[in-house]
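>>> Using only what follows, build the 3D model:
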Amino acid sequence: MIAASGAKAVIPPRSNRKEQRFYDKDIYKARNLVEHFFQKIKNFRHIATRYERLARNYLSMLQLAATVIWLK
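Numbering: from 1, shown residues only. Modelled structure (predicted):
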């Protein structure tokens, strides 16, 4: 399913696996950054509950939250 969509699995194998499979550590680090960003975004109640009705207002709140996170 992942390969059919053209994506790569970047989850590292378990350390006790007999046959270790290859994964790209740089892509895994980038994936980790993205996951942490979404985790921080969800701390903003306005964004997590999606109070805004219009997509443009939601996008502006998302940009504001991203700016606050970036400035920290």
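
>>> Next, work out how far apart residue 30 and residue 8 are.
12 Å (Cβ to Cβ, to the nearest Å). Using the backbone N, CA and C atoms, a C-beta is placed for each residue, glycine as well.

>>> actually residue 22, not the one I wrote
To residue 8, residue 22 is 10 Å away according to Cβ to Cβ.

>>> wait, doesn't residue 50 sit right on residue 58?
Yes: contact criterion Cβ atoms under 8 Å: residue 50 and residue 58 qualify, at 6.4 Å.

>>> what about those two, which has more around it?
Neighbour count, other Cβ atoms under 10 Å: between residue 50 and residue 58, residue 58 has more, with 15 against 9.

>>> Which residue, other than its chain neighbours, is closest to that one?
In space, and not counting its chain neighbours, residue 58 is closest to residue 52: 4.1 Å by Cβ to Cβ, 6 or more residues apart in numbering.

>>> who touches that neighbour in this structure?
Neighbouring residues of residue 52 by Cβ atoms under 8 Å, 6 or more residues apart in numbering: 46, 58, 61.
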